[in-house]
Each structure stands twice: as C-alpha cells, then as structure tokens.
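S.K.: quick one: sequence and predicted model below, then my questions.
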Amino acid sequence: MQSGLGKSDKWIIEFNTKNTGTNPLMGWETSTDTLSELKLEFSTKDLAIDYANKNKIDFEIIEPKKRKIIKKSYSDNFNK
C-alpha cells in the first residue's frame with residue numbers, strides 16, 4: 001500500500017486532553033476541556049516553537065520518521 005505525502009510539511013500543536021470520561025448516553029469518550037478540539041498548524045518547526053514559548057505552553061517535539069522508499073516495477077510482484 002502507498003501513503004501520500006499531502007500536508008506532511010506542516011507542524012502541529014495539539015493539546016493534551018484533561019478530564020476524559022464516558023458519555024452516559026452513547027458511551028463515547030468525552031471531555032469538558034475544549035482545548036482537546038484545537039489543533040494549530042505552522043509552516044515551520046521554529047514558528048511552532050516560538051508560539052509555544054511566547055504563550056508559555058509546555059511542548060514535546062516529535063520528529064517525523066524518514067520514509068524508506070523501495071522502488072520496484074509492477075512485474076516484481078510476480079517474480080521471485
């Protein structure tokens with residue numbers, strides 16, 4: 001299977017969810033913390049870090065993994 005590279009050049013700040021619980025009516029996970037619904041996108045890692053520092057937000061940087069690209073032709077699926 002092949003995965004696309006769309007929107008892979010952005011840096012995102014996601015907030016940790018607090019006070020998670022189960023909705024008594026439907027049984028879904030719920031929270032009273034509205035920050036869990038917020039995702040901030042930045043074009044560079046430096047902009048995201050600057051924003052977090054200016055607003056006194058504790059953060060953890062998760063670097064993207066390098067993709068291992070294996071080039072092969074369609075006929076390689078049938079040859080051993």
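M.R.: All right, it came through fine.
S.K.: where does the protein dip in pLDDT?
M.R.: 1-5, 7, 80 (pLDDT under 70).
S.K.: spit out the contact partners of the most centrally placed residue in it.
M.R.: Centroid-nearest residue in the chain, with C-alpha atoms, centre = their mean: residue 12, separated by 6.5 Å. By C-beta atoms under 8 Å, 6 or more residues apart in numbering, the contact set of residue 12 is 39, 40, 41, 42, 48. C-betas here are computed from N, CA, C, even on glycine.
S.K.: filter these down to the buried ones.
M.R.: For these, a burial check counting by 16 or more other C-beta atoms under 10 Å picks out 42, 48.
S.K.: now, the contacts of residue 12 that are in strands?
M.R.: Using DSSP state E, 39, 40, 41, 42 are the members of the contacts of residue 12 that sit in strands.
S.K.: dump the residues you listed to JSON lines, plus distance to residue 68.
M.R.: JSON lines is the format used below for the ones in strands among the contacts of residue 12 (distance: C-beta to C-beta, whole Å):
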{"residue": "39", "distance to residue 68": "27"}
{"residue": "40", "distance to residue 68": "30"}
{"residue": "41", "distance to residue 68": "26"}
{"residue": "42", "distance to residue 68": "26"}
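S.K.: and the two most separated of the residues you listed?
M.R.: Farthest pair in the ones in strands among the contacts of residue 12 (C-beta to C-beta) is 39 and 42. Separation: 10.7 Å.
S.K.: joint contacts of those two?
M.R.: The contact lists of residue 39 and residue 42 share 12, 13, where a contact means C-beta under 8 Å, 6+ apart.
S.K.: ok, the ones in strands among the contacts of residue 12 vs residue 55, which is closest?
M.R.: Lowest distance from residue 55 to those (C-beta to C-beta) belongs to residue 40, with 10.0 Å.
S.K.: now the closest one. Nearest residue, chain neighbours left out?
M.R.: Computed as C-beta to C-beta, 6 or more residues apart in numbering, the closest residue to residue 40 that is not its neighbour in sequence is residue 13, at 4.3 Å.
S.K.: look up how far residue 54 lies from that neighbour.
M.R.: Going from residue 13 to residue 54 by C-beta to C-beta, to the nearest Å gives 12 Å.
S.K.: same thing with residue 41?
M.R.: Counting by C-beta to C-beta, the gap from residue 41 to residue 54 is 17 Å.
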